[in-house]
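Student: My questions are about this predicted structure, shown below with the sequence.
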Amino acid sequence: MSEYIKFTCEHSATEISPFGGFAELNAYRRKLLQLRLIGVDANGIGFGNVSIRDGPTNNFYITGSATGGIPELTLADCARVVAYDFKRNWLRCEGSAIASSESLTHAAVYESDAKAGAVIHCHDSKLWEALLNQAPTSSKAVEYGTPEMAYEVTRLFKLTDVQSRKILVMAGHEGGIIAFGRDLEEAFAVLMREWKESGR
């Protein structure tokens, strides 16, 4: 958990331009923060991240590494992922912040589902336990923030109903859940539906 960035990151520290969806990203992130689905753990390590697709490409804007505890993000706290390669465990991003360690996982969702416009990666132990092996679940042997997790997400899209459920559980990353949708409103609604059904 102490290692934030697991991939090779080619980082261009140019400030990113204001983008459509930034206000929405902040609004939903605020809700997630209030519900403690993202934030900072007892060891001071940030958890959870949010991204939105950048137009018709697989590029996307994502909350930066180590920004989990910031109440309100500025553009300087986001990164734009403009290229990635699962096999090489590599990505290129722009912005003052470095893209979150889960960026390759977000990339795998966007690549697997052309309709996905937003991804939420959050943590909740009770919801995770309720969904484990009930919703599409990644292999327990696969760690978060690795190319293997990106491949695992791709595998789940091929072999499970994750495309219609719009939620998956990371078995090897306790508490880790990914929800997605055509926008953040839908991704958040998916998460809240599961949250209520699990008796949270």
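Tutor: That came through fine.
Student: Spell out, range by range, the helices that occur in the protein.
Tutor: Along the chain, the stretches classed as helices by DSSP state H are 22-34, 103-112, 125-131, 147-159, 162-165, 184-197.
Student: Please identify the deepest-packed of those helices.
Tutor: Comparing the helices of the chain by mean neighbour count (mean count of other Cβ atoms under 10 Å), helix 103-112 comes out on top with a mean of 25. Glycine gets a C-beta too; all of them are placed from N, C-alpha and C.
Student: Please compute how far that helix lies from its chain's middle.
Tutor: 9 Å (Cα atoms, centre = their mean, to the nearest Å).
Student: Can you tell me how far the residue sitting nearest the centre point of the chain is from Leu25?
Tutor: Of all residues in the chain, the one closest to the mean position by Cα atoms, centre = their mean is His121, 3.6 Å from it. Per Cβ to Cβ, to the nearest Å, His121 is found 13 Å from Leu25.
Student: so Phe188 touches Arg29, yeah?
Tutor: No. Applying Cβ atoms under 8 Å as the test, Phe188 and Arg29 come out as separate, 9.9 Å apart.
Student: closest to Cys78 out of the helices of the chain?
Tutor: Among those, helix 22-34 comes nearest to Cys78, with 7.4 Å by Cβ to Cβ.
Student: which residues touch that closest one?
Tutor: 38-39, 48, 50, 52, 61, 63, 71-73, 75, 78, 120, 122, 183-185, 187-188 (Cβ atoms under 8 Å, 6 or more residues apart in numbering).
Student: returning to that earlier point: name the residues contacting each of His121 and Leu25.
Tutor: Val50.
Student: just checking, which of the contacts of helix 22-34 belong to strands?
Tutor: Per DSSP state E, strands hold the following members of those: Gly39, Val50, Ile52, Tyr61, Thr63, Cys78, Ile120, Cys122.
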